[in-house]
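J.: Okay, here's the prediction I keep looking at, along with the sequence it came from:
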Amino acid sequence: MAPPNKALVLFAHGARAASWAAPFERLRELSAARLPDCMVRLAFLELMEPRLPETVAQLVAEGVGEVTIVPVFLGQGGHLLRDLPLLAEGLRAAHPGLKLTVVGAVGEDPQVLAAMTDYCVRSLG
């Protein structure tokens, strides 16, 4: 059976403490469980490995033709306004046959905001 042609890359900032990545790894696992015909990977901007360029290069080497990057950030700060567009431009140049899509920050999605609001409200008991 051929490997999946599509991949979803969860793109997070990264941190010095290894434990910081645990919720993102769990998100990757939960997403992968719901997407059996899609490779789901986790990549970081800085301070942790793997980085986004290496992750995408590995996916392309594995035969993936379409990659969707989901920034697992709460909002559009400098990293998403400056760094990610530059990374995406570099990825498109390095892999001209790749269909690369970058979606908005996860924290700006109305359903994600609603779930976070529910959590905040429930925290009052």
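T.: Here it is on my side, so go on. Numbering: from 1, shown residues only.
J.: what about the helices in this protein?
T.: Secondary structure of the chain by DSSP state H: the helices cover 22-34, 52-61, 78, 84-94, 110-122.
J.: so which of the ones you listed gets nearest Pro71?
T.: Of all the helices of the chain, helix 84-94 sits nearest to Pro71, with 6.4 Å by CB to CB. Yep, even glycine has a C-beta here, placed from its N, CA and C like the rest.
J.: Name the residues of the closest one that come out as buried.
T.: Across helix 84-94, burial judged by 16 or more other CB atoms under 10 Å covers 84, 87-88, 91.
J.: That helix to helix 52-61, inter-axis angle?
T.: Inter-element angle recorded for helix 84-94 and helix 52-61: 30 degrees (by axes from the mean of the first three to the mean of the last three CA atoms, to 10 degrees).
J.: that older thread, save the helices of the chain as TSV, and put in mean pLDDT and distance to Pro71 too.
T.: As requested, the helices of the chain are exported to TSV (pLDDT from 0 to 100; distance: least, CB to CB, whole Å):
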stretch	mean pLDDT	distance to Pro71
helix 22-34	96	12
helix 52-61	97	10
helix 78	74	12
helix 84-94	95	6
helix 110-122	96	12
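J.: Of those, which is nearest Ala15?
T.: Taking the helices of the chain one by one with CB to CB, helix 22-34 is closest: 10.0 Å.
J.: Packing partners of that closest one?
T.: strand 6-12, strand 39-44 (3 or more CB pairs under 8 Å, 6 or more residues apart in numbering; DSSP states H and E).
J.: Any idea which of the ones you listed gets closest to Glu54?
T.: strand 39-44 (7.7 Å).
J.: Okay then, goodbye and thanks.
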